[in-house]
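Chemist: Fold the following for me, if possible:
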Amino acid sequence: MAPTDTPAPAPAPPSDPGALAAALLWSGAWSGVVVVALAALAGFGLLTLPVGLALAVGAAPGLLAQLLRLRDGPRERMALIGVWALAAAAAVSIAGGLAGPLGPWCAAPLAAAIALDRRRLVSAGAALSLMALAASLWAAVTGSAPAATLELWPWLSSLSLVTLIGGLAWALPLSMRRPLEPAERGADARRLEELLAGQPHLVITLDALGKLGSAFGAAPPGVPIDDLFAHGLIASAWHPDRAALQNAILRAATRGEADAGFAPRTAPDRWVELALRRLPDGRLAGILRDATVQHAREVSLEAARAEAEALNARKSRFLANMSHELRTPLNAVIGFSDIMKQRLFGPMPDRYLEYARLIHESGGHLLAVINDVLDMSKIEAERYELSRTVFDAREPISAAMRLVRLQAHEAGVALQSVLPQEPVAVEADERAVKQITLNLLSNALKFTPAGGSVTVSLATEARTLELTVSDTGVGIAPEDVERLGRPYEQAGDAGSRSLGTGLGLSLVRAFAELHGGTMAIESTLGEGAAITVRLPVVLQEQAAGGQPRGAEIIPLNVGR
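Modeler: All right, here's what the predicted structure looks like:
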């Protein structure tokens, strides 16, 4: 199906008169040069009967081409190429065969095919040239070809080379300038139309106003071809989608390509996608395809994603609002159990004392988990606000190390720090910095076996505070490094994952990003890991003073 708003072109003439005249002129020039040479040799008294016969045979095809001026067609041209092959073989054989002075004329059929036809006869001309060459070679081998006299060799050799090289030099540009034959153009156009008509989508051409010029293929449901040609592409779309469609046509006309989607005017429940590209002549080419199923799936996925995000936001807001309700009773449980554990109101049986200690430890662990969950919920709900103050960065780091000292001692891990000797003035949330250090230390101790070590390093670079916690533990697998830092993601085996909630490193990353910083993980499996947090919180006066004058390793007197 190929409707168009322009009339079909008139049939082309059966041949190209200009190209035919040029080909006939080429043939006449070849014969003219040979006839002139024949007359010159006769005038100087150098002409012999074999040579004269050879030259007359070589000039015959060109003269025959002049006789066929009024009749031209593929068969006549093929016949003329055959005459060139016979004449070339005869002339070369008469003058001494392939090794004679007229040997280059064996390629005359190929030159004639190039001059007479752009492409269809070239292969036939090459084959006939090979046949002429074989005939001339056979004549030379069997000795049936008379040899030209020595005094004629330079003349005949020059003649054969001049005619062949000159003929090829003339024929090649002539062939490249010649257009396709009308029959070829018509066949190519029909094949292209058949290919386009068999497309499962609708291929169209249109102008910058959306007016169609042609359409091929299968139209999407709801987009009738007649409606497209009658009203244009933009008017065929449902009214709310016309502006987007018009903008897509404008982008394609100015930028070269554009994509858009729209609901058809006659079927608003369907969806059609349009891909536009600008053609060299300024028109637009497009493909219309039915995308109803895909669009419905995308809409459904988008709705599910929006619903999931809304549910997650409501969950985060709920947990953030539950901070007081959860923490207050837990603090009471921890406080009362601590009073019982210390026997402040009198003696207590040993069994009850053990129960009080377990209640206190369990309450502390549960409070730590709840604090992590609530902090992450506040961050996800965008309700966490930093409380920035100016302080010495060494203080929250040292406080965090004191909190895990007993845990390191019980695990048999050496805990040490590399801190500057002078104060490091920063402006940040002190609680967040302490929580970052505490989470990194807890994570390092969890994955470091007895006999290993955990080191905390603090340094400054310009206005950036660099906190690094490294360990000699089991390390992190490369596939786990990519996941760590996302909420509830954990690494290691099942036993290690049961020790936490997977919020430690995600909170570290979240606190770092709230400060405008980053977290980086470096690890080699089986050798340990190093996690570095960089925070742009160093005061300008501190940064101007440069690096601290020295640093020291401070052991915390913990056993292995």
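Chemist: end-to-end on stretch 341-360?
Modeler: This stretch, stretch 341-360, spans 8 Å end to end (C-alpha to C-alpha, to the nearest Å).
Chemist: Pull out the buried residues from it.
Modeler: Under the neighbour-count criterion of 16 or more other C-beta atoms under 10 Å, stretch 341-360 has Lys341, Ala356, Ile359, His360 buried. Any C-beta I mention is one placed from the backbone N, CA and C, and that applies to glycine too.
Chemist: and the two most separated of those residues?
Modeler: Spatially, the most separated pair among those is Lys341 and Ile359, at 8.4 Å (C-beta to C-beta).
Chemist: Give me the pLDDT for Thr448.
Modeler: Thr448 carries a pLDDT value of 91.
Chemist: Now do it against Leu441, distance only.
Modeler: From Thr448 across to Leu441, the span is 10 Å (C-beta to C-beta, to the nearest Å).
Chemist: overlap in contacts of these two?
Modeler: Val454 (C-beta atoms under 8 Å, 6 or more residues apart in numbering).
Chemist: show me where pLDDT drops low in the stretch 201-350 of the chain?
Modeler: 316, 319-324 (pLDDT under 70).
Chemist: please redo it, this time with the cut-off set to 80
Modeler: Regions of the stretch 201-350 of the chain meeting the criterion pLDDT under 80 cover residues 312-328.
Chemist: quick one, strands of it?
Modeler: 202-206, 212-217, 257-262, 272-278, 284-290 (DSSP state E, counting those that start in this stretch).
Chemist: Ok, which of the ones you listed comes nearest Ala90?
Modeler: Of the strands of the stretch 201-350 of the chain, nearest to Ala90 by C-beta to C-beta is strand 212-217, at 53.8 Å.
Chemist: For the closest one, which helices and strands make contact with it?
Modeler: helix 182-197, strand 202-206, helix 225-231 (3 or more C-beta pairs under 8 Å, 6 or more residues apart in numbering; DSSP states H and E).
Chemist: what angle do it and strand 202-206 make?
Modeler: With axes from the mean of the first three to the mean of the last three C-alpha atoms, to 10 degrees applied, the angle from strand 212-217 to strand 202-206 works out at 170 degrees.
Chemist: which parts of strand 212-217 are buried?
Modeler: Leu212, Gly213, Ser214, Ala215, Phe216, Gly217.
Chemist: how about the residues you listed, which pair is most distant?
Modeler: Pairwise distances across the buried residues of strand 212-217 peak at 14.6 Å for Gly213 and Gly217 (criterion: C-beta to C-beta).
Chemist: burial measure for Gly45, as a count.
Modeler: Gly45: 6 surrounding residues under other C-beta atoms under 10 Å.
Chemist: distance of it from Asn247?
Modeler: 87 Å.
Chemist: Equivalent analysis for Lys211, please.
Modeler: Separation of Lys211 from Asn247 (C-beta to C-beta) stands at 17 Å.
Chemist: Mind checking which of these two has more residues around it?
Modeler: More neighbours surround Lys211 than the other of Lys211 and Asn247, with 15 against 12 (other C-beta under 10 Å).
Chemist: just checking, the more buried one touches Gly232?
Modeler: Yes - taking contacts as C-beta atoms under 8 Å, Lys211 lies within contact range of Gly232: 5.2 Å.
Chemist: nearest spatial neighbour of Asp392, skipping sequence neighbours?
Modeler: Pro423 (4.3 Å; C-beta to C-beta, 6 or more residues apart in numbering).
Chemist: Three-state assignment for that neighbour, please.
Modeler: Of the three states, Pro423 takes coil under DSSP: H, G, I helix; E, B strand; the rest coil.
Chemist: thought it was touching Phe391?
Modeler: No - using C-beta under 8 Å, Pro423 is not in contact with Phe391; the gap is 9.1 Å.
Chemist: more crowded one of these two?
Modeler: Phe391 (17 against 13).
Chemist: quick one, what contacts that one?
Modeler: Phe391 neighbours (C-beta under 8 Å, 6+ apart): Ala425, Val426, Ala428, Glu430.
Chemist: Just the ones of those in helices?
Modeler: Glu430 (DSSP state H).
Chemist: how about the helices in the stretch 201-350 of the chain?
Modeler: 225-231, 242-255, 292-321, 323-342, 350-380 (DSSP state H, counting those that start in this stretch).
Chemist: Figure out which of these is closest to Met401.
Modeler: Relative to Met401, the nearest member of the helices of the stretch 201-350 of the chain by C-beta to C-beta is helix 350-380, separated by 16.6 Å.
Chemist: partners of the next helix or strand after that closest one, with directions?
Modeler: Downstream of helix 350-380, the first helix or strand assigned by DSSP states H and E is strand 388-392. Strand 388-392 sits in its sheet next to strand 425-429 (antiparallel), going by DSSP bridges.
Chemist: which residues are contacting the partner strand?
Modeler: With C-beta under 8 Å, 6+ apart as the criterion, strand 425-429 contacts 386-393, 433, 465, 511, 514-515, 535, 537-539, 541-542.
Chemist: Just put the helices of the stretch 201-350 of the chain in a markdown table and tack on distance to Leu80.
Modeler: Listed next are those as a markdown table, based on distance: least, C-beta to C-beta, whole Å:
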| stretch | distance to Leu80 |
| --- | --- |
| helix 225-231 | 49 |
| helix 242-255 | 51 |
| helix 292-321 | 60 |
| helix 323-342 | 100 |
| helix 350-380 | 86 |
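Chemist: for those, which one sits closest to Ala263?
Modeler: helix 292-321 (9.0 Å).
Chemist: Packing partners of that closest one?
Modeler: By 3+ C-beta pairs under 8 Å, 6+ apart, helix 292-321 packs against helix 350-380.
Chemist: Okay, angle between the helix it packs on and helix 323-342 too, please.
Modeler: 160 degrees.
Chemist: so helix 350-380 versus helix 292-321, what angle?
Modeler: Here helix 350-380 runs at an angle of 130 degrees relative to helix 292-321 (the same axes, to 10 degrees).
Chemist: tell me what helix 350-380 is packed against?
Modeler: Using 3+ C-beta pairs under 8 Å, 6+ apart: helix 350-380 touches helix 292-321, helix 323-342, helix 504-514.
Chemist: circling back to that earlier point, from Val537, how far off is the residue nearest to Asp392?
Modeler: 14 Å.
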